[in-house]
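# Just a sequence and a predicted model for now, questions to come.
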Amino acid sequence: MATKVGGKDGKPPPTAATNLIAGGGAGMMEALVCHPLDTIKVRMQLSRRGRKPGMPKRGFLRTGAEIVKRETPLGLYKGLGAVLTGIVPKMAIRFTSFESYKQLLANKETGAVTGKATFLAGLAAGVTEAVAVVTPMEVIKIRLQAQHHSMADPLDVPKYRNAAHALYTVVREEGFGALYRGVSLTALRQGTNQAVNFTAYTYFKEALRRWQPEYDGGNLPNWQTTLIGLVSGAMGPLSNAPIDTIKTRLQKTPAEVGSTAMQRITKIASEMFKQEGFHAFYKGITPRVMRVAPGQAVTFTVYEYLKEKLEKSGPAFVTGREFEE
């Protein structure tokens, strides 16, 4: 598989302004549609239930039903404020950095981008977004999602009232470094996610264009973009579920004095295996796939749609320059 920077039709790659608007719009839509599944995934990952006799197994449907029963349907949207605050810069960074890394890795003479280069560009883009935005955003999100207070009972006061209050409280009590707890695991997860995601999506898109020459150099029909986004989006979570589960538990709790991040990661993994078994590393995999796969389908579909509309609106969005007389 090899593509060309800017496409076969000679169009330059999308600018930062295009990525900001198209990526941000796509990310907001993804968050609104898929956030409840993320909340269920986090609760399942934080569950300490092992395989004890007589203890009922709690799947994602039962977990979701318990959240709604105790905390009202709004409980499924805990932490959404933190996600929406970071989603625009996250998506802008993801698509802009991916295009930049792809240009950097392209063949200098032909402009061709190999499958290996696409994979490395996706990996670098995932690490970039993890360090710049995702890690602090997820620390706040997980703290909010982990709270079991009832949103229907005004006397059941949570420790963190909203994203801003959670941010203030975490920094005041634990220091600024707490926002970057689990950054190595988050970078590893985001990197592998985007490497697999962009590589698979690019491969499927080019295969469909070869199969349908009428779309060569242009956008595929929306249903095809949605389908390949869904399939490529499911591949990342299946490849790195243990990383995500350990990361969630690491970010949920305050730091331990005298222990390094690696020691805490090793301790969490060891205790999970001893107390809950190997299956604990895949807790929440069903809602995670159900959240990430459709999330990527929504993201790519909305992104491609908005990008096309912005590029048609004039050269300012396509080239980054104003109209020339």
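Done, it's in.
# Below-threshold pLDDT in the stretch 101-250 of the chain: ranges please.
150-155 (pLDDT under 70).
# could you pull out the strands for it?
Applying DSSP state E, counting those that start in this stretch to the stretch 101-250 of the chain gives strands spanning 112-114.
# show me where it has helices.
Secondary structure of the stretch 101-250 of the chain by DSSP state H, counting those that start in this stretch: the helices cover 115-129, 135-145, 163-174, 183-211, 222-252.
# What strand or helix carries Ile21?
helix 16-46 (DSSP states H and E).
# Could you pull up the residues touching Thr225?
205, 219, 300-301, 304 (CB atoms under 8 Å, 6 or more residues apart in numbering). Just so you know, the C-beta spots here come from the backbone N, C-alpha and C atoms, and that holds for glycine as well.
# In the residues you listed, find the pair that's most separated.
Lys205 and Thr301 (12.1 Å; CB to CB).
# Output the helices of the stretch 101-250 of the chain as CSV; include the columns distance to Ile265.
Putting those into CSV (distance: least, CB to CB, whole Å) gives the following:
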stretch, distance to Ile265
helix 115-129, 17
helix 135-145, 14
helix 163-174, 18
helix 183-211, 7
helix 222-252, 6
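# of those, which approaches Glu109 most closely?
Minimum separation from Glu109 across the helices of the stretch 101-250 of the chain (CB to CB) falls at helix 115-129, 14.1 Å.
# just checking, Ser232 touches Gln194?
No - contact criterion CB atoms under 8 Å: Ser232 and Gln194 do not qualify, at 10.4 Å.
# more neighbours, these two?
Ranked by neighbour count (other CB atoms under 10 Å), Ser232 and Gln194 place Gln194 first, with 27 against 23.
# which one is that one nearest to, not counting chain neighbours?
Gly126 (3.4 Å; CB to CB, 6 or more residues apart in numbering).
# what angle do the helix holding Ile21 and helix 135-145 make?
Following axes from the mean of the first three to the mean of the last three CA atoms, to 10 degrees, one obtains 40 degrees for the angle between helix 16-46 and helix 135-145.
# In contact with Glu129, which residues are there?
Applying CB under 8 Å, 6+ apart, the residues contacting Glu129 are 90, 93-94, 97, 190, 194.
# Closest one to Val83 out of those, please.
Of all these, Lys90 has the smallest distance to Val83: 8.9 Å, by CB to CB.
# and the closest one, how many neighbours does it have?
22.
# Start at 50, not 1
Okay, residue one is now 50; in that scheme the one you just asked about reads as Lys139.
# Could you check how far it is from Thr350?
Look at Lys139 and Thr350: by CB to CB, to the nearest Å, they are 18 Å apart.
# host element of the nearest residue in space to Ala329 that is not next to it in sequence?
Of all residues not flanking Ala329 in the chain, Met321 sits nearest, at 4.5 Å (CB to CB, 6+ apart). Taking DSSP H and E as the criterion, Met321 maps to helix 310-325.
# if I pick the closest residue in space to Ile191 that isn't next to it in sequence, what's in contact with it?
Once flanking residues are discounted, Ile191 sits nearest to Gln300: 5.0 Å by CB to CB, 6+ apart. Contacts for Gln300 (CB under 8 Å, 6+ apart) come out as 187-188, 191-192, 230-231.
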